[in-house]
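In: Fold the following and give me the result.
(one chain, ligands or ions: 1)
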Amino acid sequence: MTFFSLIHNITQLQITATGLGKRFQRDWIFRGLTHVFHPGSATAVLGPNGAGKSTLLNTFSGQLLPTEGTLAYSLAGRSLAVEDVPRHLAYAAPYLELLEELTLLEMLQFHTQFKPLRPGINADKLIELMYLEKSRQQLIREFSSGMKQRLKLALALYADAPLLLLDEPTTNLDAAGVAWYHEHAQATRAGRTLLLSSNVPAEYAFCDEQLLVTDFQSVPKK
Ligand SMILES: Nc1ncnc2c1ncn2[C@@H]1O[C@H](COP(=O)(O)OP(=O)(O)OP(=O)(O)O)[C@@H](O)[C@H]1O
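Out: Numbering: from 1, shown residues only. Predicted coordinates:
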C-alpha cells in the first residue's frame with residue numbers, strides 16, 4: 001500500500017477554545033486558554049510531568065467538563081455539539097484500556113463496530129500494517145507493552161475520525177516502533193485536527209504548532 005492510496009477526504013473539524021480553564025478542587029490546571037485549532041493542524045501540547053497535558057486532552061475530548069470558558073466544535077463548517085464529539089474522535093493514551101480478554105482479531109472486529117476504520121482499511125489490513133500477523137489469534141493480555149501500544153496507535157491513526165488525540169504516543173515503543181509510529185502518523189494526518197501531548201521532542205517534531213500548558217496557568221490581564 002502506498003501513502004497516496006490512504007488519502008481520502010476527511011471531514012474538516014475545527015475547535016475554538018475561548019477563555020478555557022480547568023480546576024480540580026482548588027487547583028487550576030490551566031486557565032485563560034484561547035486558541036483556534038484549525039482542520040489539518042497538528043499541535044504539540046507540551047509541559048513537564050503534572051503540568052496538565054492529559055487533562056487538557058481529556059477536556060478537548062469532551063470527557064472532562066471545563067470549569068470556565070467554552071469549547072466550540074465545528075464539523076464541515078457546522079456547529080457540532082460536545083456530546084457528538086466522541087463519534088468524530090480517535091484517541092490513543094497510556095491510560096485507555098484495551099479489551100484484554102479478546103484475541104487481536106476479535107478485538108478489532110468488536111472495536112470497529114463502534115469506531116469504523118478509514119475506507120480501504122479493514123481488520124486484516126490493519127493487522128498487516130501493524131506487523132502483527134502472527135498474533136491474530138493471540139489474547140491481547142498476552143501482548144507485550146510495545147505490541148499493545150502499536151495496537152492503540154493503529155486503532156487511532158486508522159480510525160475514520162477527523163479529530164485525533166495522541167497522549168505520549170511513543171510510550172513503550174522501541175526504535176522500530178518509533179519509526180513505525182512516524183511512518184503511520186505521517187501517512188494518516190492529512191486533513192485531520194491533531195493534538196499530541198508529549199515530553200519527547202522526536203515524537204512531536206512534525207507538529208506545526210506548540211502549546212505550552214504552563215503558559216495558561218494564570219488569568220491573562222485584560
Ligand atoms: N481527576 C483528577 N482529580 C484531581 N486532580 C487531578 C485529576 N486528574 C489529574 N489531576 C491533577 O492534575 C494535574 C495535571 O495532571 P495531568 O495528568 O493532566 O498532567 P500531565 O501533564 O499529563 O502529566 P504527565 O506528563 O506526568 O503525564 C496533576 O497535578 C494531577 O494530579
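In: alpha carbons only for contacts and neighbour counts from here, please
Out: Noted.
In: residue contacts, the residue nearest the centre of the chain?
Out: Most central residue of the chain, judged by C-alpha distance to the mean C-alpha position with Cα atoms, centre = their mean, is Leu165 at 1.9 Å. Contacts for Leu165 (Cα atoms under 8 Å, 6 or more residues apart in numbering) come out as Leu57, Ser61, Leu89, Ala90, Tyr91, Ala92, Leu194, Leu195, Leu196.
In: Report the next helix or strand after the one helix or strand it maps to in sequence order.
Out: Here Leu165 sits within strand 163-167, counting by DSSP states H and E. The C-terminal neighbour of strand 163-167 among helices and strands, as given by DSSP H and E, is helix 175-188.
In: measure Ala175 to Tyr181 for me?
Out: Separation of Ala175 from Tyr181 (Cα to Cα, to the nearest Å) stands at 10 Å.
In: Likewise for Gln113?
Out: Spatial separation of Gln113 from Tyr181 under the definition Cα to Cα is 24 Å.
In: More neighbours: which of those two?
Out: Each of Gln113 and Tyr181 has its neighbours counted (other Cα atoms under 10 Å); Tyr181 has more, 22 against 9.
In: Identify the residues contacting the more buried one.
Out: Residues in contact with Tyr181, defined by Cα under 8 Å, 6+ apart, are Arg150, Leu153, Pro169, Thr170.
In: Tell me the one of the residues you listed nearest Leu75?
Out: Taking Cα to Cα as the measure, Leu153 is the one of those closest to Leu75, at 23.3 Å.
In: partners of Leu195 in the sheet?
Out: Judged by DSSP bridges, the bridge partners of Leu195 are Thr43, Leu165.
In: Hmm, it is touching Ala44, no?
Out: Yes - the pair Leu195 / Ala44 is scored as a contact, 6.0 Å apart, by Cα atoms under 8 Å.
In: Please identify the buried residues of stretch 84-104?
Out: Taking 16 or more other Cα atoms under 10 Å as the neighbour-count basis, stretch 84-104 is seen to contain the buried residues Val85, His88, Leu89, Ala90, Tyr91, Ala92, Ala93, Pro94, Leu102, Thr103, Leu104.
In: so does that stretch get close to the ligand?
Out: No - applying Cα under 6 Å from any ligand atom, one finds stretch 84-104 out of contact with the ligand, separated by at least 9.1 Å.
In: Start and end of that stretch, how far apart?
Out: Distances were taken as Cα to Cα; on that basis the terminal residues of stretch 84-104 are 28 Å apart.
In: Then stretch 71-83?
Out: With Cα to Cα as the measure, the ends of stretch 71-83 fall 12 Å from one another.
In: hmm, who's touching that stretch?
Out: Looking at stretch 71-83 with Cα under 8 Å, 6+ apart, the contacting residues turn out to be Thr11, Gln12, Leu13, Gln14, Ile15, Thr16, Ala17, Thr18, Leu20, Phe60, Gly62, Val85.
In: pLDDT below threshold where in this protein?
Out: Applying pLDDT under 70 to the chain flags the ranges 1-8, 218-222.
In: Show me the helices in it, by range?
Out: Counting by DSSP state H, the chain forms helices over residues 3-6, 53-60, 104-114, 123-129, 145-157, 175-188, 201-204, given from the N-terminal end onward.
In: Select, out of those, the one closest to Phe216.
Out: Smallest distance to Phe216 across the helices of the chain (Cα to Cα): 10.8 Å, for helix 53-60.
In: what angle do the closest one and strand 163-167 make?
Out: Our comparison of helix 53-60 with strand 163-167, counting by axes from the mean of the first three to the mean of the last three Cα atoms, to 10 degrees, yields an angle of 160 degrees.
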